[in-house]
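**Student:** using only what follows, build the 3D model:
(2 chains)
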Amino acid sequence: MVEADEVLDASGLSCPMPVLKARQAMQKLAPGKVLKIITTDKGSKSDIPAWAKQNGFELLDSSEENGKFIFYVRKPA
Amino acid sequence: MAEEKKKKKLCIIVSKGTLDAAYPPLILASTAASMDWEAHLFFTFYGLDIINKKKFKSLKVAPIANPAMPMPVPNIIGMLPGMTAMATMMMKRMMKKQNVPSIEELINMCKEMGVKFYACQMTMDVMGCPESDLLPVVDACLGAAGFLDIASDADVTLFI
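**Tutor:** A predicted model of the protein is given here:
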């Protein structure tokens, strides 16, 4: 099980807000730490992994429960 | 590390000033910035309205000759006074329901993340739009050569 250091709840937000909020949250995060991102926007299923890849962040895990998408992303150390 | 390599670069020519056409460039530019790309927007022709202080809050979507409206309006009705205002109101309401930010909010978010805004100098001259009518987010007024110079090493270039 991946442990999150910070949580960003972007539920209810539409494209492009989840990745914009994720960027802000990631900027505040210390290197090596893990951000948990929660979204409900169906586009974010592909957007968050693409956003992480382009930023060079490691996507540790992604899952779906009760209509929510959950991602764990690590900021490089 | 990522800092050492050249950032990816997105350049978009924004040529349309309707509400529906204003969204894609701003969404793409802010998303690019969120992925640590450089993003440059060149506003030309009617696209200039999007960065015009007096016009950017009243961009519209017209139902006439627009068969793709969520509720298609026959052209003969679409041409009646008030139909454009009604279609615009409907679209804004639908956007709000889905929590899509307004054009103003998107412009501000783009700016905060370092997206560059350029106004087309020729369009300003043709439309009689002085620099003082432009939003303060505008970084420079450029000609075609100026924009092409910026776009010459872009990774993604789009015309919208």
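
**Student:** what kind of secondary structure is the residue found closest to residue A:62 once you drop the neighbours it is linked to in the chain in?
**Tutor:** The shortest distance from residue A:62 to any non-neighbouring residue, by CB to CB, 6 or more residues apart in numbering or on different chains, is to residue A:71 (4.8 Å). Just so you know, the C-beta spots here come from the backbone N, C-alpha and C atoms, and that holds for glycine as well. Three-state assignment for residue A:71 (DSSP: H, G, I helix; E, B strand; the rest coil): strand.

**Student:** wait, residue A:71 sits on residue A:61?
**Tutor:** Yes: Residue A:71 lies in contact with residue A:61 (CB atoms under 8 Å); the separation is 7.2 Å.

**Student:** more neighbours: which of those two?
**Tutor:** residue A:71 (28 against 13; other CB atoms under 10 Å in any protein chain shown).

**Student:** and the more buried one, how far is that from residue B:26?
**Tutor:** When distance is defined by CB to CB, to the nearest Å, residue A:71 is 24 Å away from residue B:26.

**Student:** got it, and residue B:86?
**Tutor:** Per CB to CB, residue B:86 is found 24 Å from residue B:26.

**Student:** which of these two has more neighbours?
**Tutor:** Using other CB under 10 Å as the criterion, residue B:86 and residue B:26 rank with residue B:26 on top: 24 against 13.

**Student:** residues contacting residue 36?
**Tutor:** Looking at chain A here, since you left the chain open. Neighbouring residues of residue A:36 by CB atoms under 8 Å, 6 or more residues apart in numbering or on different chains: A:4, A:6-8, A:70-72.

**Student:** chain B, not that one
**Tutor:** A:54-55, B:2, B:7-8.

**Student:** ranking these by neighbours, who comes first?
**Tutor:** When neighbours are counted by other CB under 10 Å, residue A:55 leads those with 20 neighbours.

**Student:** what's the burial count for the nearest residue to residue A:45 once chain neighbours are set aside?
**Tutor:** In space, and not counting its chain neighbours, residue A:45 is closest to residue A:69: 5.7 Å by CB to CB, 6+ apart. Residues lying near residue A:69 (other CB under 10 Å) number 22.
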